[in-house]
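Q: Structure here, sequence nowhere to be found:
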């Protein structure tokens, strides 16, 4: 299978899982950030399978997967309030993962550090962009005025809990992605 096509499929699969689980978790608990914690393990696992499936064969796997994921998320609350700013967040997260994975010569340390750094970039950029929207500098990036203040307030109020949990969730997802890939998919997925 073509590496780019494989990354597009994996990015869409990761979005579908994140959207369905995140929406269900938010609906049942009433807390928007809970959805991200629930779906974070599976999303990280799926994206890790994409990274491993294209290792050394396609250099921009993370960037393509996160671009597809963030494009699909534009009109949803996955990755924050609806808006095209999600493309910037997705590309930055994916590019970070790709670069760190490559710097560490496609070894585990790069896989983990890239995923963790990408997750931190998502949170940091989301806070920055929401602050810019509130100040009127980036309102064109939003799909609607919505509850940007509420989203930012919730994000900042949970930040000291969210960052360590995000790191743990990402590590668990990458670990599971490695195990699934090694045990079940390594021979099946022959990506060029």
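A: Looks like it arrived, so ask away. Because the structure is a prediction, the values reported are computed rather than measured.

Q: From now on I want contacts and neighbour counts done on CA atoms only, so please keep to that.
A: Fine.

Q: chain center to stretch 79-92: distance?
A: 10 Å (Cα atoms, centre = their mean, to the nearest Å).

Q: what about that stretch, start to end distance?
A: 13 Å (Cα to Cα, to the nearest Å).

Q: What's the mean pLDDT across it?
A: The pLDDT scores in stretch 79-92 average 92.

Q: I'd say residue 25 and residue 38 touch.
A: Yes: using Cα atoms under 8 Å, residue 25 makes contact with residue 38 at a distance of 7.2 Å.

Q: who's more crowded, those two?
A: Counted by other Cα atoms under 10 Å, residue 25 and residue 38 do not tie: residue 25 has more neighbours, with 20 against 17.

Q: Now residue 176: closest residue in space that isn't a chain neighbour?
A: The spatial neighbour of residue 176 that comes closest, neighbours along the chain excluded (Cα to Cα, 6 or more residues apart in numbering), is residue 45 at 5.7 Å.

Q: Quick check: which element contains the one you found?
A: In this structure, residue 45 sits in helix 32-53 according to DSSP states H and E.

Q: Pull the residues that contact the helix or strand just after that helix.
A: The element immediately downstream of helix 32-53 (helix or strand, assigned by DSSP H and E) is helix 61-73. Residues outside helix 61-73 that contact it (Cα atoms under 8 Å, 6 or more residues apart in numbering): 3-4, 7-8, 10-12, 14-15, 47, 50-51, 54, 79, 82, 84, 86-87, 89-95, 97-98.

Q: let's see it at 6 Å
A: Outside helix 61-73, the residues that touch it by Cα atoms under 6 Å, 6 or more residues apart in numbering are 7-8, 11-12, 15, 51, 86-87, 90-91, 94-95, 98.

Q: quick one, that helix and helix 32-53 angle?
A: 140 degrees (axes from the mean of the first three to the mean of the last three Cα atoms, to 10 degrees).
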